[in-house]
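Undergrad: here are the coordinates; sequence isn't available:
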């Protein structure tokens, strides 16, 4: 239990880079996904040419995702299955190893993308495509339909 | 005979009426195939066009092995379990192998898709969404057949359905068919507009979007006036969202945002698609953009239902 709490605090610190405010894991993981969503917006718009190509901004967006990925699986301690409008499916806790493996793949793919040198928007789009497949793979089985 | 008491006469009459009704009822719920004339009228199919029909109609979402991705979806080995209130359906092997539908002729295929009737003249359960596929054109059925015949073979033998009584009796599906199986448009849209007509065809026919997005009554039929208004998630918790213009989310999306969602799997807020919509979206991503635009136009044209 103590280890879980430390992990959550660490995760919370990573997510709210400023102060680790006391929050429930359910809220922390929702906040974490909002950050991923924000980064997704940056990358998707750049890939489609809606915003100008900016290699540094692309790397920053992949880095944001990677930071979340590193501690994301720690935000699902036993006891946080319900409440706070969580959209996490109970299957997560029944298949924790698979869930963790999926998060680990997300972490590896975002790390690889964050380490790339992008020459143009097409390259950003290709890297984004690989990373985005992780969102669907996990939401397909572990997120409750709206 | 002449001296039957009145009561006996009445009883005999009632029994006669009941027998006649029974025969009529059995006739109504009898499995049917297409007529010889209809079968002969089908055009020649084209496998290349059939590939688009295949993705538009999502056969792989149910018939590929559970969890299959990308090109593995072309191996229609079956085995996916569909959990419903009636019990568990298991998608059969429909690859062109002897364990699948390798022994079928075109007639068998057309009967399955348009009438929900097997080569042995038994009813299929509407968990195979022929209630929507019945709206497909003869050309699309012929093209799809050519495409499917060339797919890889699988020898998988999936377990049978595990249904609760009385749903385990196939004949009962005849009642459902008599009530709900038709080819009438689900809603009226301006079909003079070619784009809307195409969108209506894709959504109501091959795309079978209503099978998940429309709420059902106790008999398993769509509730009228609720087309695409969302419903309980048959395979678990959560709700399938309303996708009419009255929906709190999709109602606010522009047509191009709907196109983007179907093409990429991201909502305008950059949330990612989830649940059973993932495989639908991945199929949609394989369609020409003009088809996705037609679907979006149709979704904007259907009656708004606010909940």
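TA: That came in fine, so what should we check first? Because the structure is predicted, anything quoted here is derived from the model rather than measured.
Undergrad: quick check: longest helix of chain A.
TA: The residue-count maximum for a helix in chain A (DSSP state H) belongs to helix A:25-48.
Undergrad: which residues sit in contact with the closest residue in space to residue B:96 that isn't next to it in sequence?
TA: Leaving aside its sequence neighbours, residue B:96 sits nearest to residue B:102 (Cβ to Cβ, 6 or more residues apart in numbering or on different chains; 4.6 Å). C-beta here means a position set from N, CA and C on the backbone, and glycine is covered the same way. Neighbour list for residue B:102: B:95, B:96, B:153 [criterion: Cβ atoms under 8 Å, 6 or more residues apart in numbering or on different chains].
Undergrad: try it again with 10 Å
TA: By Cβ atoms under 10 Å, 6 or more residues apart in numbering or on different chains, the residues touching residue B:102 are B:93, B:94, B:95, B:96, B:149, B:153.
Undergrad: what do you get for residue A:104?
TA: Neighbours of residue A:104 in contact, by Cβ under 10 Å, 6+ apart: A:69, A:70, A:72, A:73.
Undergrad: before we move on, the earlier item: surely the residue nearest to residue B:96 is within a helix?
TA: No - applying DSSP: H, G, I helix; E, B strand; the rest coil, one finds residue B:102 to be coil, outside a helix.
Undergrad: what's near enough to touch the residue of chain B found nearest chain A?
TA: Evaluated by Cβ to the nearest Cβ, chain B has residue B:274 as its residue closest to chain A, separated by 3.1 Å. The contact partners of residue B:274, by Cβ under 10 Å, 6+ apart, come to A:87, A:89, A:135-136, A:138-146, B:238, B:265, B:281.
Undergrad: In this structure residue B:185 contacts residue B:191, no?
TA: Yes - using Cβ atoms under 10 Å, residue B:185 is in contact with residue B:191, at 8.1 Å.
Undergrad: Tell me the residues that contact both of these two, please.
TA: B:200, B:201.
Undergrad: ok, for residue B:245, nearest residue in space, not its chain neighbours?
TA: Setting aside the residues directly before and after it, residue B:245 is nearest to residue B:304 in space (Cβ to Cβ, 6+ apart), at 4.1 Å.
Undergrad: give the contact list for that neighbour.
TA: B:229, B:242, B:244, B:245, B:246, B:247, B:251.
Undergrad: how about it, secondary structure?
TA: Per three-state DSSP, residue B:304 ends up coil.
Undergrad: which SSE is the residue of chain A found nearest chain B in?
TA: Of all residues in chain A, residue A:139 sits closest to chain B, at 3.1 Å by Cβ to the nearest Cβ. Residue A:139 belongs to helix A:121-142 when elements are defined using DSSP states H and E.
Undergrad: Please identify the buried residues of that helix?
TA: By 16 or more other Cβ atoms under 10 Å in any protein chain shown, the buried positions in helix A:121-142 come out as A:121, A:123-125, A:127-128, A:131-142.
Undergrad: burial of residue 44, as a residue count?
TA: No chain in the question, so chain A it is. 20 (other Cβ atoms under 10 Å in any protein chain shown).
Undergrad: that answer is for a different chain, and I need it for chain B
TA: Other residues close to residue B:44 by other Cβ under 10 Å number 8.
Undergrad: which bits of chain B sit near chain A?
TA: B:67, B:69-70, B:212, B:230, B:232-233, B:235-242, B:248-249, B:260, B:264-279, B:281-282 (Cβ under 10 Å from any Cβ of the partner chain).
Undergrad: Narrow those residues to those that are buried.
TA: B:212, B:230, B:233, B:238, B:240-242, B:260, B:264-268, B:270-279, B:281-282.
Undergrad: so of those residues, which ones are in helices?
TA: Using DSSP H, the subset of those located in helices is B:212, B:260, B:264, B:277, B:278, B:279, B:281, B:282.
Undergrad: could the residues you listed be laid out in TSV, adding pLDDT?
TA: Formatted as TSV, those follow (pLDDT from 0 to 100):
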residue	pLDDT
B:212	94
B:260	96
B:264	94
B:277	95
B:278	94
B:279	94
B:281	97
B:282	95
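Undergrad: quick check, nearest of those residues to residue B:46?
TA: Comparing those against residue B:46 with Cβ to Cβ places residue B:282 closest, at 23.7 Å.
Undergrad: Go ahead and confirm the closest one touches residue B:276.
TA: No - using Cβ under 10 Å, residue B:282 is not in contact with residue B:276; the gap is 11.4 Å.
Undergrad: so how many other residues sit close to the residue nearest to residue B:167 when sequence neighbours are not counted?
TA: Among residues not flanking residue B:167 along the chain, residue B:86 sits closest, at 4.1 Å (Cβ to Cβ, 6+ apart). Number of residues near residue B:86 (other Cβ under 10 Å) recorded here: 17.
Undergrad: How confident was the prediction at residue B:86?
TA: Residue B:86 carries a pLDDT value of 87.
Undergrad: interface residues of chain A facing chain B?
TA: Residues of chain A lying near chain B (Cβ under 10 Å from any Cβ): A:33-34, A:36-45, A:47-48, A:87, A:89-91, A:128-129, A:132-146.
Undergrad: where in the stretch 201-307 of chain B is pLDDT low?
TA: B:234-237, B:307 (pLDDT under 70).
Undergrad: So, low pLDDT: which residues of chain A?
TA: Applying pLDDT under 70 to chain A flags the ranges A:1-22, A:146.
Undergrad: gap between whatever residue is furthest in space from the centre of it and residue A:41?
TA: Most distant from the centre of chain A: residue A:119, at 24.8 Å, with distances by Cα atoms, centre = their mean. For residue A:119, the distance to residue A:41 (Cβ to Cβ, to the nearest Å) stands at 22 Å.
Undergrad: which residues sit in contact with the residue lying closest to residue B:233 once chain neighbours are set aside?
TA: Leaving out its chain neighbours, the residue that sits closest to residue B:233 by Cβ to Cβ, 6+ apart is residue A:145, at 4.9 Å. For residue A:145, the contact set (Cβ under 10 Å, 6+ apart) comprises A:87, A:89, A:139, B:212, B:230, B:232-233, B:235-241, B:274-277.
Undergrad: can you do 6 Å?
TA: Counting by Cβ atoms under 6 Å, 6 or more residues apart in numbering or on different chains, residue A:145 makes contact with B:233, B:238, B:240, B:275.
Undergrad: Would you mark the buried spots in the strand or helix carrying residue B:293?
TA: Using DSSP H and E, residue B:293 sits within helix B:289-301. For helix B:289-301, burial by neighbour count (16+ other Cβ under 10 Å) applies to B:291, B:292, B:293, B:294, B:295, B:296, B:297, B:298, B:299, B:300, B:301.
Undergrad: Much appreciated, bye for now.
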